[in-house]
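Asks: All I have is the shape, not the residue letters:
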């Protein structure tokens, strides 16, 4: 029983099996491959898809004639360009390995052959000969040249006059270059492009050439050494005109030669290399190259000059070739050079095998100091620099933030619908969701001074105190005084006051010390007649009925003294009950002065509304504020007011009030319009503190306050029978009783508190 | 911010500025305007008093006529108001039959209220130290006793020593100093209130 080894897992399977019994891989890939057997794929396709035709038309089966012209030209150009790059790399870096440009580039005879081949199908490649794919390159090269020739012929058919000027100049330049012999242009080619034949030893040789290819022993025996093969080929070139078939199949050419050439600065190559490749080189130059190889006798120099490569360095042309290989079939795969096959299967070279593309001795000093890129990639060997903190803080966020995850593979999805159908990788291969990363966390440390810390602590304490519940102090309930206490105090006060009135025996002698304001009041009032006969006095009545008994004695005595001077009294009430009170006081005072004609010498104006505003109006123009008397008569036609047009027409103002606020209003409104005239006030005792400053400032000439003021005024203006010792006695007894009650209450309260404290804390 | 009563505010500011300028600048042009404004203010104040009297009568009449919690004390007010107004309108305020209404009723009642106030103060002062024992209570009680004795005139006799005289003179400075400070504060407050009214910041007339 024959067995078949599975190409996938290597296990043996019966020969009749089509799939591996272990890994289910097809045992005959050529039979199960969809590419190889499109008929099978058509069986699996639905009907509608079969009608639509093959999904991907195999490129190998599509004849060149079916392709559009533009695609055909593009293919030819790309293939030719790749081939030129290979040749340039070989000729510029390793001229001893480069084939003869005359061999690579078609000659005139070759062009004719190529034109003939363009219309003939390509011959099948032969085994052991130059690989078919290189033949294809040559054919494409020839095709390109043919196309150029065709274009030239077609363009030459046009008349020179029809061409634009810029094209003419271009043609002229091309013509001059073509006519110029290569030998002449050869002088401008720097010889430095050829590798210097530096002596070297075997120790300095890198090991990567050995790693690149580890041929089997048979291959080693079958194939001559590389240097020998090259030498033989060069010698053969010198001996006879080489044919393309005799050129070695690029086995010695490193795979990354094109990539390396792309990395070579164009400034180093210049136009000379390209021109040298494009134009056929002379035989002398070829001989020089051969001499260089033979004289150097150092085939080991090849790996030193060949740059390192990796799998990434495979040019796109190699990938495309692989695709074409799979599409064209198994026969084409056989034409792939051995070194490419091995290069594909080989793993990427290790960093140790990578050789810098430039020789250090050829590098300028500044570039040599920079170091090779391979050395720079070895970041582990270089110690990381420690940036200063301020510099780290100034770094951009992108430098600190982690880089977004990148998908290593390109998006190869092909859009199947919409206007972008057929384009691969249209949709973003990196979804936005994958780009999300955690925002960078910045360690921010606020620099706070001690003062600011104190403020922060204070603010925190305030906020904490607001949210912290504070126990409410249990306040003692203020109970109303007991009825017994109130009754006792009331009875006691009434008893003492009545006893004082009845006994008429004051606690002390009559006052013998007189305050200055009382003396000034008495003096001013009693001297009005000395300044002006029949003085006209404005008596302001701004008093409530409840306080009249307190000031009644002083008011009556003061008015009687004015009546004794035959003063003209004008009563101006500002309270609703004041007119009646004023009338009562005047009548009582008039009783003390029987000769005084109260009805003729006095007038009671009506109630002045508006309080302060009324006073202001009266002070501004007295006739404006009041028009009639209390009886309804015309006020300004009465005897006391005849000739009065302003406040200045009054000789004095006597205010009887019980309130300091009202007295202030009178002073503020009247005094500016009544300067340098006597302004006297009789007030309650409660208004005394407010009036003393006005007396001290001179705005008020004198004040009598309360019952004490009346007693003092009586003492200063002795009148027979005017002293009221009973009232003075009751006043003193009452004041002393209140003082004693307050003292007793304080003592009782303190004793009670001590007793309660002793009960609460007996140890104390 | 939308001004609630722009017209009233403009009138108040304009009138206030004119009266103020009339005080500061005695210009002949401003005098008649100032006089007119003051005359209007007196009339308006009198009308306001009349309105207040009518409002008071209406309030007590409502209490009487209310079906719920009827206040019978308001009946005495209504009767007293009607009687006094009728007598005053009929005989005049200076009539001998009208004057006892003030001197025999209103004056004793108001004086009795002041006497009751005296007794209340005394009771409170007696209980003060028992309810609130603090140094402020002590100072209040001490000052009350001192000024009661000083106001009673017992130290104003001829036999008072010179030391007591000096002490009394010093004690009289304390209330005067306090009153002066109060007056200064009142003056500053009046200026500020006037400025706020003139600037429209305070609009008591719009409430």
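Replies: All right, it came through fine. In this text the structure is predicted, and so the values were computed from the model without any measurement.
Asks: Looks like residue A:11 contacts residue A:5 (just checking).
Replies: Yes - counting by Cβ atoms under 8 Å, residue A:11 touches residue A:5, with 7.4 Å between them. For every residue, glycine as well, the C-beta is placed using N, CA and C.
Asks: Does the biggest helix by length in chain A reach chain B?
Replies: As assigned by DSSP state H, the longest helix anywhere in chain A is helix A:725-760. Yes - using Cβ under 8 Å from any Cβ of the partner chain, helix A:725-760 reaches chain B at A:728, A:731-732, A:735-736, A:738-739, A:741-750, A:752-753.
Asks: from the residues you listed, which would you call buried?
Replies: Buried subset of the residues of helix A:725-760 next to chain B (neighbour count, 16 or more other Cβ atoms under 10 Å in any protein chain shown): A:728, A:731-732, A:735-736, A:738-739, A:741-743, A:745-746, A:749.
Asks: Let's have these in JSON lines, adding distance to residue B:168 and pLDDT.
Replies: Shown next, in JSON lines, are those (distance: Cβ to Cβ, whole Å; pLDDT from 0 to 100):
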{"residue": "A:728", "distance to residue B:168": "19", "pLDDT": "87"}
{"residue": "A:731", "distance to residue B:168": "18", "pLDDT": "90"}
{"residue": "A:732", "distance to residue B:168": "16", "pLDDT": "90"}
{"residue": "A:735", "distance to residue B:168": "15", "pLDDT": "90"}
{"residue": "A:736", "distance to residue B:168": "17", "pLDDT": "91"}
{"residue": "A:738", "distance to residue B:168": "19", "pLDDT": "90"}
{"residue": "A:739", "distance to residue B:168": "16", "pLDDT": "89"}
{"residue": "A:741", "distance to residue B:168": "23", "pLDDT": "88"}
{"residue": "A:742", "distance to residue B:168": "20", "pLDDT": "87"}
{"residue": "A:743", "distance to residue B:168": "20", "pLDDT": "88"}
{"residue": "A:745", "distance to residue B:168": "25", "pLDDT": "85"}
{"residue": "A:746", "distance to residue B:168": "23", "pLDDT": "85"}
{"residue": "A:749", "distance to residue B:168": "29", "pLDDT": "82"}
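Asks: Let me have those in JSON lines, extended by distance to residue A:388.
Replies: Output for these, formatted as JSON lines (distance: Cβ to Cβ, whole Å):
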{"residue": "A:728", "distance to residue A:388": "96"}
{"residue": "A:731", "distance to residue A:388": "92"}
{"residue": "A:732", "distance to residue A:388": "93"}
{"residue": "A:735", "distance to residue A:388": "87"}
{"residue": "A:736", "distance to residue A:388": "89"}
{"residue": "A:738", "distance to residue A:388": "85"}
{"residue": "A:739", "distance to residue A:388": "84"}
{"residue": "A:741", "distance to residue A:388": "85"}
{"residue": "A:742", "distance to residue A:388": "80"}
{"residue": "A:743", "distance to residue A:388": "82"}
{"residue": "A:745", "distance to residue A:388": "80"}
{"residue": "A:746", "distance to residue A:388": "77"}
{"residue": "A:749", "distance to residue A:388": "76"}
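Asks: For residue A:391, state which of the residues you listed is nearest.
Replies: Lowest distance from residue A:391 to those (Cβ to Cβ) belongs to residue A:749, with 77.5 Å.
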